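>>> Below is the structure, and that's it, no one-letter string:
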């Protein structure tokens, strides 16, 4: 498929999620057109315009239906659903009778009806509505800038808002791979938009909506951290050794398969397990890295693919990953094929700790976090006690847990025979 057609396919996928995008999302897509698909800015703009992508402010679903948050407060779910349906139906019928006119807001009637349907679907569903209301109540105004795109700057850049919050992008000081040295044991994940989430209803028991998200570039470890690598860390950081670690940082099973500071025989290249989140954070700092955020992990795991169940597609076999207790233990890192980004063992082998807290409902604990929040976690990690995200499944997990959209969680002191980690490094350098 030619690069132009690939970009058009991405835009059509983007459009299927929302008919309206923010100015910042538009700039992110145009950056992709230039940096990934070798198109000119003009060609990118032409494609966006020809496909009917509408640039506008963040959509308020209550405003779309002529409703307000205040008027539904205290009402039963059934009554709210009836009001939403009535408002939607009246506006939809009016739009149908309006013909093919262009509305005063610049949208076509077809685009307006898509927004009406989107608002109805979100506000009529109790879970989605509560999540959306929560995001409104805790919304922050953030000015977003993107480097080297003066031709498409607007007067009032918008923040990006979805049902699950986004990392608030700030320009990398280093964005060109030619300007940085990429370690042989790490992989560059380029800046750009990717599709987060899944439409499968059985992932974590929720129908997680697809979301287009822009992330700055970063480096990620090619493999999970191994026993050999972790043993070097322990030698230089005695406070994290099995016999020295403070009881408040583990649940009693820390490095349970190790004999003192010696890992199990012939397991040097296997990922380290029975390691708590605190120790993973300490290791990452020692390496001048950090743990990945939930969203960074998913972008790296997807390997550039969109709406796929696993890092390589929609099917899984034991030739592609270590799972289902077929092997019966961890395997040396890199035993199974990498994804398209060249990252190994993103699913199976060991669960991987992520930096951020686990929650679908609390806006304070959403996985998309700013650079300042990331630094705060790094600086204060020993005082943290809320659950942390785990990703990827393990050698003992079912196929379900290996899906890229699946999340687990545990308290930061928890250690387990299938919990490991890998690190990332920012490009700000």
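It's in. All values derive from a computational prediction rather than experimental measurement. Residues are numbered from 1 along each chain as shown.

>>> Pretty sure residue 194 sits in a helix.
No. Assigned with DSSP: H, G, I helix; E, B strand; the rest coil, residue 194 falls outside any helix and is strand.

>>> Could you give the bridge partners of it?
Under DSSP bridges, the beta-bridge partners of residue 194 are residue 213.

>>> pretty sure it is touching residue 216, no?
No. Residue 194 lies out of contact with residue 216 (CB atoms under 8 Å); the separation is 12.0 Å. Where you see a C-beta, it was placed from the backbone N, CA and C, and this is true even at glycine.

>>> What segments of the protein are helices?
Using DSSP state H, the helices of the chain run over 3-17, 23-35, 41-50, 61-64, 69-72, 77-97, 109-124, 126-137, 227-236, 277-286, 294-302, 371-380.

>>> what about the longest strand in this protein?
strand 351-357 (DSSP state E).

>>> Next, count neighbours for the residue lying closest to residue 420 once chain neighbours are set aside.
In space, and not counting its chain neighbours, residue 420 is closest to residue 350: 3.4 Å by CB to CB, 6 or more residues apart in numbering. Neighbour count for residue 350, taken as other CB atoms under 10 Å: 31.

>>> And the pLDDT at residue 256?
The model reports residue 256 with a pLDDT of 93.

>>> which ones are touching the residue lying closest to residue 342 once chain neighbours are set aside?
The spatial neighbour of residue 342 that comes closest, neighbours along the chain excluded (CB to CB, 6+ apart), is residue 187 at 5.0 Å. Residue 187 is in contact with 219-222, 300, 341-343, counting by CB atoms under 8 Å, 6 or more residues apart in numbering.

>>> gap between residue 187 and residue 303?
Noted for residue 187: a distance of 10 Å to residue 303, by CB to CB, to the nearest Å.

>>> Overlap of the contact sets of those two?
Counting by CB under 8 Å, 6+ apart, the common neighbours of residue 187 and residue 303 are 341, 343.

>>> who wins for proximity to residue 253 among the helices of the chain?
With CB to CB as the criterion, residue 253 lies closest to helix 277-286 of these, at 12.2 Å.

>>> returning to that earlier point: what are the bridge partners for the residue nearest to residue 342, then?
Beta bridges link residue 187 to residue 220, judged by DSSP bridges.

>>> ditto for residue 407
Beta bridges link residue 407 to residue 391 when assigned by DSSP bridges.

>>> How about the contacts made by it?
By CB under 8 Å, 6+ apart, the contact set of residue 407 is 204, 294, 358, 389-391.

>>> circling back to that earlier point, right, and the helices of the chain - which one's nearest residue 406?
The closest of these to residue 406 is helix 294-302. By CB to CB, the value is 10.0 Å.

>>> Only the buried residues of stretch 295-307, if you could.
With burial defined by 16 or more other CB atoms under 10 Å, the residues of stretch 295-307 counted as buried are 295-305.

>>> got it, and stretch 311-324?
311-312, 316, 320-324.

>>> How about residues contacting it?
If you take CB under 8 Å, 6+ apart as the criterion, stretch 311-324 is touched by 301-303, 305, 308-310, 326, 330-331, 335-337, 339-340, 343, 345-349, 393-399, 401-402, 404.

>>> Run the chain-centre distance for that stretch.
Its chain's C-alpha centre and that of stretch 311-324 lie 21 Å apart, by CA atoms, centre = their mean, to the nearest Å.

>>> what does stretch 37-49 give?
26 Å.

>>> For residue 187, give its distance to residue 344.
In this view, residue 187 and residue 344 are 9 Å apart by CB to CB.

>>> try residue 104
Between residue 104 and residue 344 the distance is 54 Å, computed by CB to CB.

>>> okay, the two: which has more neighbours?
Set residue 104 next to residue 344 and count neighbours by other CB under 10 Å: residue 344 wins out with 20 against 6.

>>> Can you give the domain ranges for this protein?
Here the domain parsing of the chain from automatic domain parsing is 61-124, 221-426.

>>> Mind telling me which of those the model trusts least?
Lowest mean pLDDT within the domains of the chain: domain 61-124, at a mean of 82.

>>> From start to finish, how long is that one in a straight line?
Counting by CA to CA, to the nearest Å, you get 11 Å between the two ends of domain 61-124.

>>> State the pLDDT value of residue 143.
pLDDT for residue 143: 26.

>>> Quick one: the strands in the stretch 251-400 of the chain, in order.
For the stretch 251-400 of the chain, strands defined by DSSP state E, counting those that start in this stretch occupy the ranges 351-357, 388-391.

>>> Show me what the longest strand of the chain packs onto, helices and strands only.
helix 294-302, helix 371-380, strand 388-391, strand 419-420 (3 or more CB pairs under 8 Å, 6 or more residues apart in numbering; DSSP states H and E).

>>> what are the pairing partners of it, and which direction each?
Strand pairing for strand 351-357, using DSSP bridges, gives strand 388-391 (antiparallel), strand 419-420 (parallel).

>>> which residues touch that strand?
Strand 351-357 has contacts (CB under 8 Å, 6+ apart) with 224, 277, 280, 290-294, 297, 346, 365, 367, 369, 374, 377-378, 386-394, 397, 408, 416, 418-422.

>>> That strand: how far from the chain's middle?
Taking mean C-alpha positions (CA atoms, centre = their mean), strand 351-357 and its chain are 12 Å apart.

>>> tell me the angle that strand makes with helix 371-380.
Orientation note: strand 351-357 sits at an angle of 110 degrees relative to helix 371-380 (axes from the mean of the first three to the mean of the last three CA atoms, to 10 degrees).
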